[in-house]
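*Asks:* Quick one, what's the 3D model for this:
(one chain, ligands or ions: 1)
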Amino acid sequence: MRLANSGGRASMVVDGGIIDVATATDGAFGPDLTSCIARIDDLAAAMDGVSGPVLALDHASLGPPSPDPSQIIAIGMNYASHAEEMGLEVPSMPAAFAKFRSALTGPVGTISLPSDTVDYEVELVLVIGRRTEAVTPENAWEHVAGITAGQDFSERTVQMAAGRQFALGKSYPGFAATGPWMTTIDEFADPSDVGLGCSIDGVVVQDARSSDMIIKIPELLTILSGIITLEPGDLLYTGCPAGVGMGKNPPTYLKPDQELVTWVEGVGEMRHQMA
Ligand code: ZN
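*Replies:* Numbering: from 1, shown residues only. Reported below is the predicted structural model:
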């Protein structure tokens, strides 16, 4: 199923619109998103066969599909092509960093550029569905509720000035964009091989497949969960492929009035205006 945050209410996306989860289940699920994410299998079973009432889908009302994560974790240098363009070595451990929660935003709206060195990074983002502690590659996917599209906006001057402590440069307001909704894992033919990309004013700048990740998702969750505990609703940005502005010669960063469209295959697209 596709689970959206429509005006703060858990909503199932269907052809022609959305169905409000709390209404359709007589309050058994929702309207808050996190409790739905934590019981995603039960919710999918409850919504199976529900065909209405269908409400209009208003894209402007869409918020982040997981609006209240206890943590937002991101992985750097997880595509060889991107590590190369950044001039950074591929690490032997996941280069994990935090994006602070105040950076979270949804799939539409305006991003205020704090400088002229803000970059884009399309990423496949995992929404954690259950407590994830010391998982194995074999059961790692069972802990993922779904996949959403993400932008890991990055202020490169702050990022690189802070001794490679990436968190601040990647946590300005709106710098953790997610959406347009979360698609559950069962909807993907192969959740380890999903297309992702983004375009600026219609020009495609990143276009890749998640199968090119260096540390694959099962191994990533195994390593991370051996150290930290992930909770339902937590977000994991899994790394960005080649094509960022910093990798160009000369570097080409986001400018006011540009429109950035970000997509993940099987999920959908986000649209953000730069200001
Ligand atoms: Zn990133």
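*Asks:* list the buried ones in stretch 92-100?
*Replies:* Residues Pro94, Ala95, Ala96, Phe97, Ala98, Lys99 are the ones in stretch 92-100 that count as buried (16 or more other CB atoms under 10 Å). Where C-beta positions appear, they are placed from N, C-alpha and C, glycine not excepted.
*Asks:* do stretch 256-272 as well
*Replies:* So for stretch 256-272, counting by 16+ other CB under 10 Å, buried means 258, 260-270, 272.
*Asks:* Would it count as contacting the ion?
*Replies:* No - if you take CB under 5 Å from the ion as the test, stretch 256-272 misses the ion, and the best it gets is 12.2 Å.
*Asks:* Just list whatever residues bridge to the residue in the stretch 151-275 of the chain positioned nearest to the ion.
*Replies:* In the stretch 151-275 of the chain, no residue comes nearer to the ion than Asp152, which is 3.4 Å away by CB to the ion. Judged by DSSP bridges, the bridge partners of Asp152 are Ala176.
*Asks:* quick one, what contacts it?
*Replies:* Counting by CB atoms under 8 Å, 6 or more residues apart in numbering, Asp152 touches Ala74, Lys99, Glu121, Glu123, Lys170, Phe175, Ala176, Tyr237, Cys240.
*Asks:* So which of those is the closest to Ser81?
*Replies:* Relative to Ser81, the closest of the contacts of Asp152 is Cys240; by CB to CB it sits at 9.8 Å.
*Asks:* what pLDDT does that closest one get?
*Replies:* Cys240 is assigned a pLDDT of 95 by the prediction.
*Asks:* Leu124 too?
*Replies:* On pLDDT, Leu124 comes in at 98.
*Asks:* Just name whatever secondary elements the stretch of helix or strand it belongs to is in contact with.
*Replies:* Using DSSP states H and E, Leu124 sits within strand 122-128. Using 3 or more CB pairs under 8 Å, 6 or more residues apart in numbering; DSSP states H and E as the contact test, the elements touching strand 122-128 are strand 144-152, strand 195-200, strand 235-237, strand 259-264.
*Asks:* highest average neighbour count across these?
*Replies:* strand 144-152 (a mean of 27; mean count of other CB atoms under 10 Å).
*Asks:* Could you list the residues of the stretch 101-250 of the chain in contact with the ion?
*Replies:* Glu121, Asp152, Cys240.
*Asks:* wait, what's in contact with the closest residue to the ion within the stretch 1-150 of the chain?
*Replies:* Closest approach between the stretch 1-150 of the chain and the ion, counting by CB to the ion: Glu121, at 4.1 Å. Glu121 sits next to Gln151, Asp152, Phe153, Ser154, Gln206, Cys240, Val244 when contact means CB under 8 Å, 6+ apart.
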